[in-house]
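1. Next input, structure requested:
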Amino acid sequence: MSILIVIPARYQSSRFPGKPLVDILGKPMIQHVYERSCLATCTDRVLVATDDRRIADVVDGFGGEVMMTAPDHPSGTDRVVEVARRVPADIYINVQGDEPLIRPDDIDQLADALVRDGSCDVATLCHPIPVKEALDLNTVKLIKSHSGNALYFSRNPIPYISEQVNLGSVYWKHIGVYAYRAGVLATYKQLPDSDLEQWERLEQLRLLQAGIAIKAVATYPTGPGVDTPACLKRVVEIMTREIAHGPALAN
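-> Modelled structure (predicted):
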């Protein structure tokens with residue numbers, strides 16, 4: 001079964017323009033994501049999909065594979081869809097270009113979810129978080145069915161917890177890494193417009209609203225992605241500690 005890891009990366013970002021190229025301990029962020037993705041054992045092919053020549057030149061410079069894609073894709077998934085039209089594979093892993101702490105083992109776990117279960121067409125990652133983190137609107141949460149499929153994703157804390165309930169560990173943080181079967185990506189552009197996707201600004205809701213199940217694969221807590229300059233500072237601190245004392249988070 002052929003598996004391709006695709007890293008969508010765009011230069012323009014409303015919250016952090018140019019973030020794929022920001023320096024993290026002497027390397028651009030996109031290089032950290034690429035090199036960690038290459039350590040996954042599920043595939044021997046990783047490519048960056050971008051619409052910006054600056055990003056493409058940097059990827060070429062460190063010896064990575066890059067593909068130029070259309071400039072008008074509204075989401076990373078749309079960019080992966082274009083790659084899927086041009087590069088055949090059975091499974092595509094979408095690793096966001098702002099996840100420099102991505103763990104290769106997590107990528108393998110996600111791919112394995114589709115390899116082992118032929119009925120699973122889409123999978124993503126999640127892990128439990130405390131209430132304080134769930135209240136952060138920059139943190140995407142999800143709720144799951146008993147079968148392990150995602151019921152909904154939101155930036156708001158979900159589920160609502162009444163005062164009478166012991167909170168415990170009821171919140172799940174969504175990690176924006178996905179595995180897709182080729183058939184799902186082939187029909188992605190034909191899916192109905194999703195008001196939920198537009199309201200929440202979460203592309204995976206297009207799939208849920210169209211009735212496509214998303215398996216929520218549990219992993220252990222991860223480091224932050226880079227959504228803002230404040231997130232970047234946290235990532236640099238974590239990587240600096242890893243260099244000095246060994247990984248605080250599994251790699």
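2. what's across from the residue lying closest to Lys215 once chain neighbours are set aside in the sheet?
-> For Lys215, the nearest residue in space outside its immediate sequence neighbours is Ala123; the separation is 4.1 Å by C-beta to C-beta, 6 or more residues apart in numbering. For the C-beta atoms, the positions are set from N, CA and C on the backbone; glycine is no exception. On DSSP bridges, the residues paired with Ala123 through beta bridges are Ala179, Lys215.
3. what's near enough to touch Ala123?
-> By C-beta atoms under 8 Å, 6 or more residues apart in numbering, the contact set of Ala123 is 110, 113-114, 178-179, 214-217.
4. next one: Leu47
-> Taking C-beta under 8 Å, 6+ apart, we find Leu47 in contact with 4-7, 64-67, 83, 87.
5. So it belongs to a strand, correct?
-> Yes. Membership of Leu47 in a strand is supported by DSSP: H, G, I helix; E, B strand; the rest coil.
6. in the stretch 151-251 of the chain, which spans are strands?
-> Counting by DSSP state E, counting those that start in this stretch, residue ranges of the strands within the stretch 151-251 of the chain are 171-181, 215-218.
7. Pipe these into a markdown table and attach distance to Gly118 per row.
-> Formatted as a markdown table, the strands of the stretch 151-251 of the chain follow (distance: least, C-beta to C-beta, whole Å):
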| stretch | distance to Gly118 |
| --- | --- |
| strand 171-181 | 9 |
| strand 215-218 | 12 |
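8. average model confidence for stretch 232-251?
-> Within the predicted structure, the mean pLDDT of stretch 232-251 is 75.
9. meant to ask about stretch 70-83, not that
-> When pLDDT is averaged along stretch 70-83, the result is 92.
10. Contacts for it next, please.
-> 4, 6, 8, 10, 47, 49, 51, 67, 69, 92, 94, 96-97, 178, 180, 185, 188-189, 203-204.
11. hmm, which of those residues are the buried ones?
-> Buried by 16 or more other C-beta atoms under 10 Å: 4, 6, 8, 10, 47, 49, 51, 67, 69, 92, 94, 96-97, 178, 180, 185, 188, 203-204, out of those.
12. Go through these and flag which are in helices.
-> 185, 204 (DSSP state H).
13. quick check, nearest of the contacts of Ala123 to Ile238?
-> When the contacts of Ala123 are ranked by distance to Ile238 (C-beta to C-beta), Leu110 comes first, at 21.5 Å.
14. these two touch, right, the closest one and Ala218?
-> No. If you go by C-beta atoms under 8 Å, Leu110 and Ala218 don't touch, sitting 11.2 Å apart.
15. rewinding a little: how close does the residue nearest to Lys215 get to Ser145?
-> Counting by C-beta to C-beta, to the nearest Å, the separation of Ala123 from Ser145 is 14 Å.
16. One more: Thr219?
-> Noted for Thr219: a distance of 18 Å to Ser145, by C-beta to C-beta.
17. So for the two, which sits in the more crowded spot?
-> For Thr219 against Ser145, the residue with the higher neighbour count under other C-beta atoms under 10 Å is Thr219, and the figures read 16 against 10.
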